[in-house]
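# Can you look at this prediction? I've put the sequence above it.
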Amino acid sequence: QVRLVESGGGSVQAGGSLRLSCAPSGRTLSSYDMGWFRQAPGKEREFVTAITWSGGSIYYADAVKGRFTISRGNAKNTVYLQMNSLKPEDTAVYYCAANRRGSYYSDRSYSYWGQGTQVTVSS
């Protein structure tokens, strides 16, 4: 079992930036495909972005394409989500996930999850 710990959430005005981090506790992430999902109040959890274990393939939801960037640290053990040009509709709890079996875009494909970090964007 891998425990994931997200950090970097907070409150920002529209147009601002935040950088989220996801690091493991107890085990390395370097061999796992990783994903970021988010859940806004009253809505289902939705896909944001994913990256393969090697970093060679990256996937983005249309809503964040061109504004968000996923990356892995040098040792591939930390995953980052750089969020620029934030909009109020990006307000949500953001979760990182690992150990994908299936579609990159489905939260059912991932078996390891963090506790989430709140991102609030005000207009």
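Arrived safely, thanks for sending.

# Which residue ranges of this structure form strands?
Along the chain, counting by DSSP state E, strands occupy 3-7, 10-13, 18-25, 34-39, 46-51, 58-60, 68-72, 79-83, 92-100, 110-113, 117-122.

# Adding mean pLDDT and mean neighbour count, write those strands out as TSV.
C-betas here are computed from N, CA, C, even on glycine. Listed next are the strands of the chain as TSV, based on pLDDT from 0 to 100; neighbours: other CB atoms under 10 Å:
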stretch	mean pLDDT	mean neighbour count
strand 3-7	94	17
strand 10-13	98	13
strand 18-25	95	19
strand 34-39	97	24
strand 46-51	98	22
strand 58-60	98	16
strand 68-72	97	19
strand 79-83	97	23
strand 92-100	96	22
strand 110-113	95	18
strand 117-122	98	17
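
# ok, and the closest non-adjacent residue to the residue positioned nearest the centre of the chain?
In the chain, the residue lying closest to the centroid (CA atoms, centre = their mean) is residue 36, at 2.5 Å. Nearest non-adjacent residue to residue 36, counting by CB to CB, 6 or more residues apart in numbering: residue 48, 4.3 Å away.

# picking up where we left off before, beta-bridge partners for the residue nearest to the centre of the chain, please?
As for beta bridges, residue 36 partners with residue 49, residue 96 under DSSP bridges.

# hang on, it packs against residue 49?
Yes: with contact defined as CB atoms under 8 Å, residue 36 reaches residue 49; the gap is 5.1 Å.

# ok, the residue nearest to the centre of the chain to residue 30 distance?
Taking CB to CB, to the nearest Å as the measure, residue 36 falls 17 Å from residue 30.

# picking up where we left off before, can you list residues touching both of residue 36 and residue 49?
70, 81 (CB atoms under 8 Å, 6 or more residues apart in numbering).

# List the contacts of the residue nearest to the centre of the chain.
20, 22, 48, 49, 50, 70, 79, 81, 94, 95, 96, 97.

# Could you rerun that using 10 Å?
6, 20, 22, 47-51, 60-61, 64, 68, 70, 79-81, 83, 94-97, 114 (CB atoms under 10 Å, 6 or more residues apart in numbering).
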